[in-house]
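In: show me the folded form of this:
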Amino acid sequence: MSSYRANTYIIFLELPEEVSHKIDMIRSKYSNTSFPYQAHITVKQDEDYLIGTNEFIQLVVSIISNLEPVQVEINSVTSRADSKGYNIYLPVKSRTLTYLTRRLSRQLEDYIDPKSPRAKLSTHWEQSKDFYAHISVRGYANQALFNDNLNKIKNEDFKINFPLELLCKRLTIAQWHDGQWRAIKTIKLG
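Out: Okay, here's the model as predicted:
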């Protein structure tokens, strides 16, 4: 996260407080660091942009105008491994969310800083057939740590009856600031 800077933004759907709290209880049990933001469903992964905060907010607001609350289904813990590492997560099903992610990704792509060390990595993934909406529980670079914790996390009682269907009513735009995500605009959907 050290390469994040003032024009690094992320967009996510907020979960109801009681749901994010339950997920964060498990996340914190398997992490030795604090989380830069509460459990959420990322709509547009972090990228460095060439435009300033006000312009970014206006652009996102114009893209999502008239967006209704997003119906999602959250399922129990699973995992994936790829060239970047190992991810333990809660899968999220929602056609609306997948469409929204791809739409934002395409429409924001021209504003991404091409000199950024991560330039368009997440954008390419979001637009690919490999994209999966999810709520991250824990990521690992080390396979041994991943293997040690995967079954433990799968056996945790999240105190959530999966699959959980819920309505996400708020979308937040956050900016990287002093080592954490800071909400710069929250939009009530509907």
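
In: okay, the helix or strand bottoming out on mean pLDDT in the chain in PDB with CA atoms only?
Out: The weakest-scoring helix or strand in the chain, judged by mean pLDDT, DSSP states H and E, is helix 121-126 (a mean of 89). Coordinates of each C-alpha in helix 121-126 appear next as PDB, following Å, rounded to 0.1, in the frame of the first residue of the first chain:
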ATOM      1  CA  LEU A 121      -4.300  -4.000 -13.100                       C
ATOM      2  CA  SER A 122      -7.600  -4.100 -11.300                       C
ATOM      3  CA  THR A 123      -9.400  -2.400 -14.200                       C
ATOM      4  CA  HIS A 124      -8.300  -5.200 -16.600                       C
ATOM      5  CA  TRP A 125      -9.400  -7.800 -14.000                       C
ATOM      6  CA  GLU A 126     -12.800  -6.100 -13.400                       C
END
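
In: contact partners of it?
Out: Residues outside helix 121-126 that contact it (Cβ atoms under 8 Å, 6 or more residues apart in numbering): 44-47, 101-102, 105, 108-109, 112, 131. All C-beta spots, glycine's among them, are computed from the backbone N, C-alpha and C.

In: which pLDDT value belongs to residue 4?
Out: Per-residue pLDDT puts residue 4 at 68.

In: so where does residue 105 fall, helix or strand?
Out: Element membership for residue 105 (DSSP states H and E) is helix 95-108.

In: can I get that helix as PDB, trimmed to CA atoms?
Out: Written as PDB, here are the backbone C-alpha positions of helix 95-108 (Å, rounded to 0.1, in the frame of the first residue of the first chain):
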ATOM      1  CA  ARG A  95     -25.900  -9.200 -11.700                       C
ATOM      2  CA  THR A  96     -26.400  -5.600 -10.900                       C
ATOM      3  CA  LEU A  97     -23.100  -5.400  -9.000                       C
ATOM      4  CA  THR A  98     -21.200  -7.100 -11.800                       C
ATOM      5  CA  TYR A  99     -22.700  -4.800 -14.400                       C
ATOM      6  CA  LEU A 100     -22.000  -1.700 -12.200                       C
ATOM      7  CA  THR A 101     -18.300  -2.800 -11.600                       C
ATOM      8  CA  ARG A 102     -17.700  -3.200 -15.400                       C
ATOM      9  CA  ARG A 103     -19.500   0.000 -16.200                       C
ATOM     10  CA  LEU A 104     -17.500   2.100 -13.700                       C
ATOM     11  CA  SER A 105     -14.300   0.300 -14.700                       C
ATOM     12  CA  ARG A 106     -14.800   1.100 -18.400                       C
ATOM     13  CA  GLN A 107     -15.900   4.700 -17.800                       C
ATOM     14  CA  LEU A 108     -13.100   5.500 -15.400                       C
END
